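Asker: Got a predicted model here, sequence first, then my questions.
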Amino acid sequence: MTALAAIALLTLAAAAIALALRDLIHSALLLIASWVGIAAFYLWAGAEFVAFAQVLIYVGAISMVVLFAVLLTRPPTGPATREPSGRAVPGFLAGGAVLGLLAGAVLSSPLPAGTGAAPAFGVRELGLKLLGPHAGALLATAALLTVALLGAVVLAAARGKEDAS
Amino acid sequence: MSPLQACLLFSSALFSLGLIAVLVRSNAILVLLGVELMLNAANLNFIAFWRYGPAPAEGHGVVFVVFALAVAAAEAAVGLALVIALHRHQRNVRLGEARRLRG
Amino acid sequence: MNPPAADPLAAGLLERLPLLARDALTGALPEPWRWWANSLLAILAIIFVFSSLFALLTLTERKVLARVQNRPGPNRAGLPLTRFRLGGLGQPLADGIKMLTKEDIVPRGADPVLHFLAPVVLLALSLLTFAVIPYGRLLVPVELEAGVLYFFAAGAATELALFMAGWASRNKYSLLAAMRALAQLISYELPLLLAVVPVVLLAGSLSTTGIVAAQAGWDLGFVPRWFILTPWGLASFLIFLTAALAESNRSPFDLPEAESELIAGHLTEYSGFKYALFFMAEYLGMTALAGLGVTLFLGGWRAPLPFLDFVPSYAWFGLKLLALLFVFIWIRATFPRLRIDQLTRLAWKFLVPLALLNLGTAALWALTAGWSPALQPLRWLGAAALVAGPFVLLGRGLTAGLRPRTYRFA
């Protein structure tokens, strides 16, 4: 539990600071820290494969795409623009309300107490599950990833004169 | 408080943080990162319920998270490509000014 | 497919020597403390061995490059305060002292926190990758079921450190180099992973010990069953080697720090000890990738011939590692640097398709494992044709319009 509390606090702190910062590069780097914290949670829960996949995908791939996007869309000069303050209060109210609702539901509902031991579900079992009962879903995911890759290239690529300005 | 409840509280807090970012920030990239955080909170729940659920040997939660990770990668790629396209059209990435499709 | 039960008593005395030394140090401690002490000792051993290997590697690289270019290389620094030169063996020590005593300059516009964090993060992450490599029959620091995945997860984060270094320096050359580095590392991550997948497929395991165990045994009584000695394994190894060179920013893929065009790229604004950390991380990353290559393709710690089994396994691992590192240096001395467009074209149009085809070949190899001995030559020929054919055709297709450049007035 102590480990869980430490992981949760660090992850939440990193995420909160990241989303409040003005400097987008710092936000992205801090968010990467919170993604690593989530991977640490997976490791704590005994899901080794998922933890390493999380690091590989989020820290290795998504973070790179985010940093590229930040650098490609940075305003050329001048200070960062202020957030429109009109949305802050309702936004925090809505977020706080959701948090209260979820926390109340979690604390008041009868949940399975769970076993203390980590379940025996290793890489081999995961592989058998993925390529056995879930083979169709795996193929669909592969198709989705291919389409997403091509779609991203088409969307991001500059086309002709329209974008020359 | 049981460990499962602690995990669920953790993921609820993470989800709310993502939600606040989506609602408050106006930069498209930060909004996308907020959505990404909400997705991660959902994954946390899957792992928590797998760990403390009735049938951990079945591994449904882990399988679900593996697929969710793949979809998250696709989402991030397409989302950030959209942000770059948005930047090309209006020279900034503030969502409030992306009103070209508004009637 | 599970690794054979490692029975410490069955192995020879030399084989058990590191474990005996460890137990002599920590054997007196009570149980929970002993585990911590053993882990700490393993970490210290890795740091010590690979830091000294790094020091010697820098000297070896300079010496080998010098010999290739027909000059003596560093030969002055020897034993400090004496007249013994030892052929320049004291050079790493002199370099270290120089780096430590140099002024540490942080540019005024730089982001001081990120500027400091970048080399630290890079070094820490490249040290993390050493945890899963099996150095010997009994020398595996951490046994992970998903060891290969762990290696790449820890290695993937090095790109981040390069970006931090480039961005924090607030220098256009640094940032440009960081973007180049990102483009290069992302491009070559793909063939690197795709070259590893066939090995995982054939070994049926993601753990590094399981992969070494799958390469046990001898064909015809003396040919080791290493993965490099199969058609798909050779192709995978060559793709892995190329991608590993690019991942560790080595020449001919050292574009991120191309000193002639980018004034050393992301390293421009680094000096003194931080520069030394970058340097060290680069060599450690190269060593780790070479170690992974040895584990995946060259049989890990296994002896090359049956009667050589009496030599302790960690000696074989060390020898193979040094041989592979020498190949890295040799390549650096031989090939000129690629242009950025050539670099990305090589990755996306050549290595990735070949790696994908090779995955198919490996799958076919796994399917035909049960063929009778009479059909085995056919299996070998078929697989070899599937590997060599696309290589020749794709290579021809990509170089179709290219001729050696002719200089009419030069």
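Answerer: Alright, I've got the coordinates. Residues are numbered from 1 along each chain as shown, chains lettered A, B, ... in the order given.
Asker: wait, what's in contact with C:Ile43?
Answerer: C:Ile43 makes contact with C:Pro141, according to Cβ atoms under 8 Å, 6 or more residues apart in numbering or on different chains. No exception for glycine: its C-beta is placed from N, CA and C like everyone else's.
Asker: typed the wrong thing, it's C:Ile47
Answerer: Residues near C:Ile47 by Cβ under 8 Å, 6+ apart: C:Leu127.
Asker: what element comes up after the helix or strand where it lies heading to the C-terminus?
Answerer: Assigned by DSSP states H and E, C:Ile47 falls within helix C:31-68. For helix C:31-68, the following helix or strand on the C-terminal side (DSSP H and E) is helix C:91-101.
Asker: got the buried residues for that following helix?
Answerer: C:Gln91, C:Pro92, C:Asp95, C:Gly96, C:Met99 (16 or more other Cβ atoms under 10 Å in any protein chain shown).
Asker: do stretch A:131-148 as well
Answerer: A:His134, A:Thr141, A:Leu144, A:Ala148.
Asker: and the third one, how far is that from B:Ala68?
Answerer: Going from A:Leu144 to B:Ala68 by Cβ to Cβ, to the nearest Å gives 12 Å.
Asker: The second one now?
Answerer: According to Cβ to Cβ, A:Thr141 and B:Ala68 sit 10 Å apart.
Asker: what's the answer for A:Ala156, then?
Answerer: Plainly put, A:Ala156 is 24 Å away from B:Ala68 if you go by Cβ to Cβ.
Asker: Give me the more crowded residue out of the two.
Answerer: A:Ala156 (21 against 18; other Cβ atoms under 10 Å in any protein chain shown).
Asker: so who does the residue nearest the centre of chain A touch?
Answerer: By Cα atoms, centre = their mean, the mean C-alpha position of chain A lies nearest to A:Trp35, the distance being 6.2 Å. Residues counted as contacts of A:Trp35 (Cβ under 8 Å, 6+ apart) are A:Gln54, A:Val55, A:Tyr58, A:Val59, A:Ile62, A:Ser63, B:Asn40.
Asker: cutoff 7 Å now
Answerer: The contact partners of A:Trp35, taken as Cβ atoms under 7 Å, 6 or more residues apart in numbering or on different chains, are A:Gln54, A:Tyr58, A:Val59.
Asker: Excluding chain neighbours, give the residue nearest to the last one in space.
Answerer: So the one you mean is A:Val59. Leaving out its chain neighbours, the residue that sits closest to A:Val59 by Cβ to Cβ, 6 or more residues apart in numbering or on different chains is C:Ala157, at 5.0 Å.
Asker: what residues are up against the residue in chain A positioned nearest to chain C?
Answerer: Among the residues of chain A, A:Gly60 lies nearest to chain C; the distance is 2.8 Å by Cβ to the nearest Cβ. Residues near A:Gly60 by Cβ under 7 Å, 6+ apart: C:Ala156, C:Ala157, C:Glu159.
Asker: I'd like these as CSV, with pLDDT and distance to C:Leu305 appended.
Answerer: Putting these into CSV (pLDDT from 0 to 100; distance: Cβ to Cβ, whole Å) gives the following:
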residue, pLDDT, distance to C:Leu305
C:Ala156, 80, 37
C:Ala157, 77, 39
C:Glu159, 82, 40
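Asker: Narrow the residues you listed to those in helices?
Answerer: Using DSSP state H, the subset of the contacts of A:Gly60 located in helices is C:Ala156, C:Glu159.
Asker: now the strands for the stretch 301-410 of chain C?
Answerer: With strands called from DSSP state E, counting those that start in this stretch, the stretch 301-410 of chain C shows none.
Asker: Now the residue in it positioned nearest to chain B: closest residue in space that isn't a chain neighbour?
Answerer: Closest contact between the stretch 301-410 of chain C and chain B, by Cβ to the nearest Cβ, is at C:Trp348 (16.0 Å). Leaving aside its sequence neighbours, C:Trp348 sits nearest to C:Ser187 (Cβ to Cβ, 6+ apart; 6.4 Å).
Asker: Okay, now the unreliable bits of the chain?
Answerer: Since you didn't name a chain, this refers to chain A. Where chain A drops to pLDDT under 70, the residues are A:75-85, A:113-119, A:158-165.
Asker: oops, chain C please
Answerer: Residue ranges of chain C with pLDDT under 70: C:1-11, C:256-264, C:409-410.
Asker: need the residues of it near chain A, please.
Answerer: C:144-146, C:149-150, C:152-153, C:156-157, C:159-160, C:163-164, C:167, C:182, C:186, C:206 (Cβ under 7 Å from any Cβ of the partner chain).
Asker: Give me the buried subset of those.
Answerer: Buried residues within these, counting neighbours by 16+ other Cβ under 10 Å: C:144-146, C:149-150, C:152-153, C:156-157, C:159-160, C:163-164, C:167, C:182, C:186, C:206.
Asker: before we move on, back to that, and the residue of the stretch 301-410 of chain C closest to chain B, how many neighbours?
Answerer: The number of residues near C:Trp348, taken as other Cβ under 10 Å, comes to 14.
Asker: any idea how far C:Leu398 is from it?
Answerer: Computed as Cβ to Cβ, the C:Trp348 to C:Leu398 distance reads 11 Å.
Asker: try C:Asp95
Answerer: Using Cβ to Cβ, C:Asp95 is found at 41 Å from C:Leu398.
Asker: out of everything not next to it in sequence, what's closest to C:Val212?
Answerer: The nearest residue in space to C:Val212 (Cβ to Cβ, 6+ apart) is C:Gly300, at 3.5 Å.
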